[in-house]
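Visitor: pasted the sequence and its predicted model underneath.
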Amino acid sequence: MKTKYLPAALILYMNYFIHGIGCSILGQQVIKEMLVSRWGLADVAIITAVSANLGLGRLISLPFAGPLSDKLGRRLSVIIGCASYALFFFGLAWAPSYGIGCIVAILGGLANSFLDTATYPAVAEIIDKYTGIATMGIKFFISISQMLMPFFLGLAVGSAFGYNGLLYAGGIAIAVLGVLCIFAPLPAASESGKKESLLQNIKNAHWTAESIALIAIGFTSTATFQLWLNCAQTFAKEIAGVPSEEAAIMQTYYSVGTFAALIITAFLITKFKQVRFLVIYPGICVATLIAVYMIRTPAICKIGAFLIGYAGAGGVLQMATATVNDLFPKIKGTITSLVMIASSICNYTILKAASTMSAPSVIIMNLVITAIGVALALFVNLRYGTLLEKAEQ
């Protein structure tokens, strides 16, 4: 990596520091209560439906965000992502009604799509000798910001703007980063366009049961951490008797778990096949969800937050994507896009369903979906050796 690209790498990673706030802000109990009061709603669970529109925004934009990033270069896509995220933050701070909030959330999902399809390849092109470390850095910055979320909320509530202060700060920060990206030098590979068609690749691909299973893991692994992120604090308050302010601390436990997973898993996958973790980590999540549902105490909610952060949000989706790329090297771009589309479908449909359910019912739904993910991963593991031989051939 040439030192002249370091500023660009830092800008790209800092975008994901702000994204860590954006993707989890609607899961914070105090933010839910603020929006319920502003919009005159009857139940905080309805805010989960607003979160679901983040997934809808991704689902709408992913089919063209990736090809646009390839054809017009990474810089434009990053700028579009930053601009859309600024509109999301400012819009959420201003939104006078539930309906406007849903539209604003769609913009947040669109921002996520453009940042993902530009930043993942861009950091790999900048840190080209260590692409795995480059992409793990994205998750690292997300985890750091989410770990600091209770601190940010504390600063915001003490400001003149209240909790809206955090939204204004996020909007200003991502807008500044977008402007800086205009001038930051990028490698030639990030600036040049390629003529690749996602739909054409899908048409020509040879699909197998294993590839479909891995795409489905994109759905199940996303459900595990998104349902927890959006509903666990409500469960802790309503069922386990945790005060709203203390429930927000669960975000820190969750983020510490994710942070620990990034470090520990990076070491473990040098010793063991990464496909094994597609079974082990969701299995840990299944046991954790059972314990949280059965025991229902403040202590188990905090322990559960750490374990779900570690085993649910600590890289299962990324490892599933890496595994499918290893097994189907001829359609890497296509199948990676499809895994992310499955993830986006999950964000929209599952969170929409969760918005109509009680907190304990959401835990049960999460448990069932995660268990299905374990079954899918077992199937892939049983076939892994044969599939890898075919891929190598």
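Guide: Ah, there it is.
Visitor: tell me the phi and psi of residue 371?
Guide: phi -60, psi -40 (degrees, to the nearest 10).
Visitor: ok, now residue 28?
Guide: The phi/psi pair for residue 28 (degrees, to the nearest 10) is phi -80, psi 130.
Visitor: name the residues of stretch 211-228 that are buried.
Guide: By neighbour count on 16 or more other Cβ atoms under 10 Å, the buried set for stretch 211-228 is 211, 213-228. (Each C-beta comes from the backbone N, C-alpha and C, glycine too.)
Visitor: typed the wrong thing, it's stretch 177-188
Guide: For stretch 177-188, by 16+ other Cβ under 10 Å, it's 177, 178, 180, 181, 184, 186, 187.
Visitor: what's the span of that stretch, first residue to last?
Guide: Taking Cα to Cα, to the nearest Å, stretch 177-188 runs 21 Å from one end to the other.
Visitor: now do stretch 17-30
Guide: Across stretch 17-30, first to last residue, Cα to Cα, it's 21 Å.
Visitor: what's the mean pLDDT across it?
Guide: Averaging pLDDT along stretch 17-30 yields 91.
Visitor: check the offset of that stretch from the chain's centre.
Guide: 11 Å (Cα atoms, centre = their mean, to the nearest Å).
Visitor: ok so, going back, just the ones in strands from the buried residues of stretch 177-188, please.
Guide: Counting by DSSP state E, those place none of their members in strands.
Visitor: from residue 355, how far out is the closest residue to residue 93 other than its chain neighbours?
Guide: The spatially closest residue to residue 93, leaving aside those adjacent along the chain, is residue 167, at 3.9 Å (Cβ to Cβ, 6 or more residues apart in numbering). Residue 167 sits 21 Å away from residue 355, going by Cβ to Cβ, to the nearest Å.
Visitor: more neighbours: the two, which one.
Guide: residue 167 (24 against 20; other Cβ atoms under 10 Å).
Visitor: so how many other residues sit close to residue 33?
Guide: That count, for residue 33 with other Cβ under 10 Å as the rule, works out to 15.
Visitor: what's the closest non-adjacent residue to it?
Guide: In this structure, residue 33 finds its nearest non-sequential neighbour in residue 44, 6.1 Å apart by Cβ to Cβ, 6+ apart.
Visitor: how many residues are close by the one you found?
Guide: Residue 44: 23 neighbours (other Cβ under 10 Å).
Visitor: give the contact list for it.
Guide: Residues near residue 44 by Cβ atoms under 8 Å, 6 or more residues apart in numbering: 29, 32, 33, 36, 234.
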